[in-house]
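Novice: Provided below for reference: sequence and predicted model.
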Amino acid sequence: MAELEVAKHGKNVIHLMTKKEHKVSHRIREIAIEIAIIVFAVSMSIWLHGLSEHRHQQQEVRTFLIGLKSDLKDDIDTLTNMQADYRRFDANYAYLSSLEPGREPDWKKFNDAYLFMDANWYFFPNKSRFDGFMMSGKLNNIEDTVNLNRILNLYQSLLPQIRASEGGWATRQEKLRNYRDNTLDGDTPREHYAMLTTPKGKRLVGSMTTTPQHYARYQQYIDGCREIIKAIDEAYPEQAGKKS
């Protein structure tokens, strides 16, 4: 529509420039009016286009954030379960490290604990939605810069910290596995017991206790998720409490 108005008034300008019936001053005044109309129409067109583009961008942001809220809720559930499982790992390793050479254990309890020694769990967040939005260059369309910084901190700072803690734990577990594989000749419960109650075996098993920093980093991530979810609910109150 604006293009038609520009074209119409552009023709008027050309017509007025060639029109001889009126004085030059009159024609200049009319040409100025037509040019002013053209400038207004073009400006209005640009403004409306910008408004439409901004509305579209914010709709994309809304869809992203509401979806992100669902991802973060799943991550909170996962990490809460992982914290509980790591405490079970800790209890298992505490039992194994308490064993003394030459003593008779409860063999069923020992065998269960020995098998559980290979268990592990690593955090894999639901971040494909974030990765896609970031790679498309749309993160800067999030106008709440405080919440944007929270999101960036979650994935670019807190998550690498978790990776580091889990990596340290995995390294210690691998050392224990290597010691087991290099020490055992057979695969009987008594041989397992003897291997774990050597000084080195006890030291390696004792080192498997999850560090306070490891737990703290899981909790920091959970707290970060909750802050982001709260901000999303405040931005879109009609979605608060709904399942995404």
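Specialist: Perfect, I can see it now.
Novice: any chance you could map the helices in the chain?
Specialist: 2-18, 24-97, 107-116, 128-135, 145-153, 159-183, 189-196, 199-206, 212-235 (DSSP state H).
Novice: Now do the third one: distance to the chain's middle.
Specialist: In this case it means helix 107-116. The gap between the average C-alpha position of helix 107-116 and the chain average comes to 38 Å, counting by CA atoms, centre = their mean, to the nearest Å.
Novice: I'd like the mean pLDDT over it, please.
Specialist: Averaging pLDDT along helix 107-116 gives 96.
Novice: Residue 175 contacts residue 201, correct?
Specialist: No. The criterion here is CB atoms under 8 Å, and residue 175 misses it with residue 201 at 11.2 Å. (C-beta placed from N, C-alpha, C; glycine too.)
Novice: Looking at the two, which has the bigger crowd around it?
Specialist: Neighbours per residue, other CB atoms under 10 Å: of residue 175 and residue 201, the larger number sits with residue 201, 22 against 14.
Novice: so what's that one up against?
Specialist: 179, 183, 195 (CB atoms under 8 Å, 6 or more residues apart in numbering).
Novice: Per-residue pLDDT of the last one, please?
Specialist: Pointing back at residue 195 there. At residue 195, pLDDT is 96.
Novice: cool, and the first one?
Specialist: In the prediction, the pLDDT value recorded for residue 179 is 97.
Novice: what pLDDT does residue 55 get?
Specialist: 82.
Novice: ugh, wrong one, residue 34
Specialist: pLDDT at residue 34 comes out at 59.
Novice: One more: residue 10?
Specialist: pLDDT at residue 10 comes out at 49.
Novice: quick one, domains of the chain?
Specialist: Annotated domains of the chain cover 2-48, 60-239 [automatic domain parsing].
Novice: Would you mind finding the most buried of those domains?
Specialist: For these, the largest average neighbour count (mean count of other CB atoms under 10 Å) is found in domain 60-239, namely a mean of 15.
Novice: between the helices of the chain, which gets nearest to residue 122?
Specialist: Among the helices of the chain, the nearest to residue 122 by CB to CB is helix 159-183 (5.2 Å).
Novice: packing partners for the closest one?
Specialist: helix 189-196, helix 199-206, helix 212-235 (3 or more CB pairs under 8 Å, 6 or more residues apart in numbering; DSSP states H and E).
Novice: Dump these into TSV; add distance to residue 132 as well.
Specialist: Below are those laid out as TSV (distance: least, CB to CB, whole Å):
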stretch	distance to residue 132
helix 189-196	46
helix 199-206	42
helix 212-235	17
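Novice: Can you tell me which of those helices is nearest to residue 78?
Specialist: helix 212-235 (9.7 Å).
Novice: Please enumerate residues in contact with the closest one?
Specialist: If you take CB under 8 Å, 6+ apart as the criterion, helix 212-235 is touched by 65-66, 68-69, 72-73, 75-76, 79-80, 82-83, 86, 123, 144, 146-147, 150-151, 153-154, 158-159, 161-162, 165-166, 168-169, 239-241.
Novice: rewinding a little: closest one to residue 93 among the helices and strands packed on helix 159-183?
Specialist: Across these, closest to residue 93 is helix 199-206 (CB to CB), at 5.6 Å.
Novice: what distance separates that closest one from the middle of the whole chain?
Specialist: With CA atoms, centre = their mean, you get 37 Å for helix 199-206.
Novice: Between helix 189-196 and that helix, find me the angle.
Specialist: In terms of direction (axes from the mean of the first three to the mean of the last three CA atoms, to 10 degrees), helix 199-206 departs from helix 189-196 by 90 degrees.
Novice: quick check: angle from helix 199-206 to helix 159-183?
Specialist: Using the same axes, to 10 degrees: helix 199-206 against helix 159-183 is 150 degrees.
Novice: circling back to that earlier point, which of the domains of the chain comes out lowest on mean pLDDT?
Specialist: Taking the mean pLDDT of these, domain 2-48 comes last: a mean of 56.
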